[in-house]
Structures are given as structure tokens and as C-alpha cells.
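Student: Let's see this in three dimensions:
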Amino acid sequence: PRLALARSLAPSPHPQVPENILIDAMGGPAAAKAAAAEVLLNDTLPDALGPYSEAAISGSEAVSDQIDALAASLDPAAAFTYRVGFDTLPAVVWTGPYKGLTLEVAAAGDAEAGLEERAAAQVLAARKEKGALRVAAAVRPAAPALAQGDAAVIDFQLVLADTGEAIPGAARAGMQVDTDLLGAALGLPGLVPGMLGMAPGDARELPLTMPADWADPPGLAGASVIAKVSVRDVLVWELPAADDAWADATFPGEPAGLEGLRARFRDAIAAEDAAATSLKVDEALADAVAGIVAMDVPESIIQEVGQEQYQAELLQAASSGGLEPSQVAQLATPALLNRFIAARRGDLAAVYRAQAGMEAIFEAEGLAVNQAAVDGELQAARAAYADASEELDEDRLTEQVVTAAQRQATVAWLKANNEVNVLPPARPKRSFRAG
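Tutor: Numbers count the residues shown, from 1 in each chain. Got it, this is the predicted structure:
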């Protein structure tokens, strides 16, 4: 076939170029046969897979034979035979019932602070955004020591009380600590109170007890430690007054005034907690479904799910301001994607088991989507694409919207037919890496 193509492209007035010259131009007989085998594969593969098109996972097709071996066996007088493999959608096999389950989910929120305290912390944070830090010795020379409400620049090291051994990762140099932190600096209760009254140049050794839920480094939970702290400088906040005028000028809206602002913060925090809790319930139900689906997830599906998850995490990091566009581009490489998939293989397989199980439940229970909601989502998505002047893949968009609607219907059914107990917020796992 490649020889015929070469002849068709040969310049006039010599259309019939000798075959041996064409073969030499293609790199010799072996290269010409390899090219012919490649053309035959491309021409015949769609027909060969035709009977299996519904069962085969698109993009998973792979020819088992090496192209050199196919080229070597190529004989115009014999049939051209090759082997091709493909992944098929695995069947959902239930290992237990998906109805009548009992799940426990810790609510989102702060285990150590209520809405009032968190709203007050947001008001204070907003004031600090408009404020400034001044050196305490210059602002109040008669009282340069650290007081509640100040900040300090410290050097810090944590050692075991019984041996004096330094704890890995538990040292900081030039770290700024705000005494108004909601919670404890570095996650260590007692550290900030023990520092109060220290002036620049002072050093203290503070006996502390590690929290019982400390996670990293392991083995520190409940341990007796010594915090060696030296103060480099004490800083004083100069803040705008916390009054109605400041609140209305900085955060106009209703209800007005400082108390109205606190109320709005409380409502926003409560709404965020409720949305996050609802998402945690959805995830717990999906995990439960994945846990009772037995399935060997094909590699092609793991690759597809992995790529989607990796792209989603990069986009999330970019949208939250955690990564610059240039950093996202640097991370969007095949090598890093493969590393991500290798590290998350088990989780990616669970994601697909949950997805397949949800689809099976939707069909088995005769569920239906809210068509009006689907149409509304499609209309909004089309408008968004039009505003962005991006090309719209209508079929792909429809598939995504319908799939999301089916999942929502399935989750709603699971919530109605299983018991989900929402527990109080859990304390976050504490570690020096997080601090």
C-alpha cells in the first residue's frame, strides 16, 4: 500500500518510478514491509474490532504482536493475521447489601471552637488585614514584653523531657507567633501562655504535654516535652476600631453594624460547615458502595480516572491560589501523572468501583433524573462556554451533566435507605508538618 501511495505522489513526467528505487527511498525492504504492515493495521483494525465495539473500552485497544514480527511475516499471498487485545467494562459483583447500612460521619467544622468564637476570629482577622505590626519597644517602651494580643518572632525547639533528645521536625527559626491564634501555636497547648511576659532576648524552657491525638512524628501522643523558646522581637498590632463604622465601611450589607457583621460571619461559617458535612456524607456513601463491589478494575480505566483526578487537583490548586499557572504547567507532565497514578492506584480503583456501583444501583432501583434540572444545567453550561468563546463538545457535555444528575439521584436514594449518623466534628490530626 505504501508503494502505491509513493507512486501516486511521484512527480510527472515519471509517474512509474521503479519499485526498487521506492523501496530504497523508504529505507530498504525491511522498512518498506514495516510501513506496509502499519498501513494494513490501521486500515483493518476498526473492522476487526467492530463486533466488540460495545464491549471494548474505547482507547484500550492494543496490538499484541510487535510490528517487526508482523512485517517479517507479511506475505501478499497469505492472510495478514495479528492479535489485538482490549479491556472490557467489568461486571459489578456485590459482596453485601447496599441497603440498610449504618454509617458514621464526623461533621465538618471546628472541634475546639464554636460559631461565636470562629466569627469573632474572622472579625479580628479582617481588622488585622487593615492593621499593621509595630515593634513593641518603639510603641510602648515601658512595657516591651509579650502580652496577649501581641505577636512575637521566636526561635523554637522541642526536646523530650526525659532524655533531652531533639524531636525531628520540631524546630523553627525566626517564626512569627500570633497570641490571638484560634487554637494553639504549632498545635501545642500551653506554648503561648508560657511565652507571655517574655521580652526580646529572653529564653525559657517550658514543660508541656503533647496532645493525646498527636500524629506525626508518631509516638509523641501524650509525651512530656520541653519547649526551648527564645524571643527575637515582640510586635504590637495597631488595628482599626471594632465598631459599627468600621464594619459598615469594610463589609457593607445587611444586617449592618458590628453585631450584624458577626451574624453574617456566623451564618456563612454555618453554611460552609453544612455544605462540607453534606459532601462528607456523600463521600462516605460512595466509600461504602466501593467497599461492597468486587471488581478487577482494568488498567485503562485506572489511567483514565487517574488523569481526571490529577487534572482536577491541579485545577483546584490553581483556583484556590495555591499554584500559579506556570507551576500548573510544570506539574502537568506525563512523568508526574504516572507517579500520581502509581501512588494512588488503590484509591483510583475504589473511585471507579464506587462509580460503577452507583450506576448499577441507579438501574436496579429504577431511578430517574430530574429532567428539568438537567436541562437547566445544560443551558447554564452552554452559556458559560459561549461567554468564554470556547468550543463546545455537546455530546460530552450532555454525558457529564446526565452522569452527575444520575449520581445525585443515587446518593439521595442511598441517604433515604441507609442510616447515616453525623457525629460532632473530629479534632484534626496534629503534626509539625501541618504546623
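
Student: can we go C-alpha only for contacts and neighbour counts from here?
Tutor: Noted.

Student: quick one, longest strand in the chain?
Tutor: Ordering each strand of the chain by length in residues (DSSP state E) puts strand 224-238 first.

Student: any idea which helix or strand comes after that one?
Tutor: helix 244-250 (DSSP states H and E).

Student: Mind giving me the packing neighbours of that next one?
Tutor: In terms of contacts (3 or more Cα pairs under 8 Å, 6 or more residues apart in numbering; DSSP states H and E), helix 244-250 is packed against helix 257-291.

Student: Go through the helix it packs on and flag the buried ones.
Tutor: Judged by neighbour count (16 or more other Cα atoms under 10 Å), helix 257-291 contains these buried residues: 257-258, 260-266, 269, 273, 277-278, 280-282, 284-291.

Student: Off-centre distance for whichever helix or strand comes after it?
Tutor: Counting by DSSP H and E, the element after helix 257-291 in chain order, helix or strand, is strand 293-294. Centroid separation between strand 293-294 and its chain, computed with Cα atoms, centre = their mean, to the nearest Å, is 24 Å.

Student: before we move on, what about stretch 40-49?
Tutor: 39 Å.

Student: Only the buried residues of it, if you could.
Tutor: Along stretch 40-49, these residues count as buried under the neighbour rule (16+ other Cα under 10 Å): L41, L49.

Student: State the mean pLDDT of that stretch.
Tutor: Mean pLDDT, taken over the full extent of stretch 40-49, equals 81.

Student: Equivalent analysis for stretch 309-319, please.
Tutor: Stretch 309-319 comes out with an average pLDDT of 86.

Student: residues in contact with it?
Tutor: L323, E324, P325, V328, A332, L337, F340 (Cα atoms under 8 Å, 6 or more residues apart in numbering).

Student: could you redo the last one with a cut-off of 10 Å?
Tutor: 303-307, 320-329, 331-332, 336-338, 340-341, 344, 348, 351 (Cα atoms under 10 Å, 6 or more residues apart in numbering).

Student: Just the buried ones from these?
Tutor: The buried subset of the contacts of stretch 309-319 (16+ other Cα under 10 Å) comprises Q303, V305, G306, Q307, L323, V328, L331, L337, I341, L348, V351.

Student: Closest one to V231 out of the residues you listed, please.
Tutor: L323 (33.0 Å; Cα to Cα).

Student: Look up the closest residue to that closest one, ignoring the ones flanking it.
Tutor: A317 (5.6 Å; Cα to Cα, 6 or more residues apart in numbering).

Student: Check the burial of the one you found by counting its neighbours.
Tutor: A317 has 15 neighbouring residues, counting by other Cα atoms under 10 Å.

Student: now it: how far from V177?
Tutor: 26 Å (Cα to Cα, to the nearest Å).

Student: Could you do A56 as well?
Tutor: In terms of Cα to Cα, A56 sits 58 Å off from V177.

Student: Could you tell me which ranges of this structure sit under the pLDDT cut-off?
Tutor: Along the chain, the parts satisfying pLDDT under 70 run over 1-17, 22, 181-185, 216, 322, 387-390, 429-435.

Student: ok, W413 - contacts?
Tutor: Applying Cα under 10 Å, 6+ apart, the residues near W413 are K99, I361, F362, E365, L367, R407.

Student: for the helix or strand encompassing it, the distance to its chain's centre please.
Tutor: Secondary-structure assignment from DSSP H and E places W413 in helix 394-417. When C-alpha coordinates are averaged (Cα atoms, centre = their mean), helix 394-417 and its chain have centres 21 Å apart.

Student: what does stretch 304-320 give?
Tutor: Centroid separation between stretch 304-320 and its chain, computed with Cα atoms, centre = their mean, is 6 Å.

Student: What residues sit buried inside stretch 201-212?
Tutor: Under 16+ other Cα under 10 Å, the buried positions of stretch 201-212 are A203, E205, L206, P207, L208, T209, M210, P211.

Student: Let's see it as PDB, backbone CA atoms only.
Tutor: What follows is stretch 201-212, C-alpha atoms only, in PDB (Å, rounded to 0.1, in the frame of the first residue of the first chain):
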ATOM      1  CA  GLY A 201      16.400  38.400  74.100                       C
ATOM      2  CA  ASP A 202      14.700  36.300  76.800                       C
ATOM      3  CA  ALA A 203      14.800  32.500  76.700                       C
ATOM      4  CA  ARG A 204      12.600  30.000  78.500                       C
ATOM      5  CA  GLU A 205      12.200  26.200  78.800                       C
ATOM      6  CA  LEU A 206       8.600  25.400  79.000                       C
ATOM      7  CA  PRO A 207       7.400  21.900  80.200                       C
ATOM      8  CA  LEU A 208       4.500  20.800  78.000                       C
ATOM      9  CA  THR A 209       2.400  17.700  77.500                       C
ATOM     10  CA  MET A 210       1.900  16.700  73.900                       C
ATOM     11  CA  PRO A 211      -1.800  16.300  72.900                       C
ATOM     12  CA  ALA A 212      -3.200  12.800  73.000                       C
END
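
Student: my guess is E238 meets R140, correct?
Tutor: No - using Cα atoms under 10 Å as the test, E238 is too far from R140 to be in contact (11.9 Å).

Student: Which neighbours do those two have in common?
Tutor: In terms of Cα under 10 Å, 6+ apart, E238 and R140 are both contacted by the residues R134.
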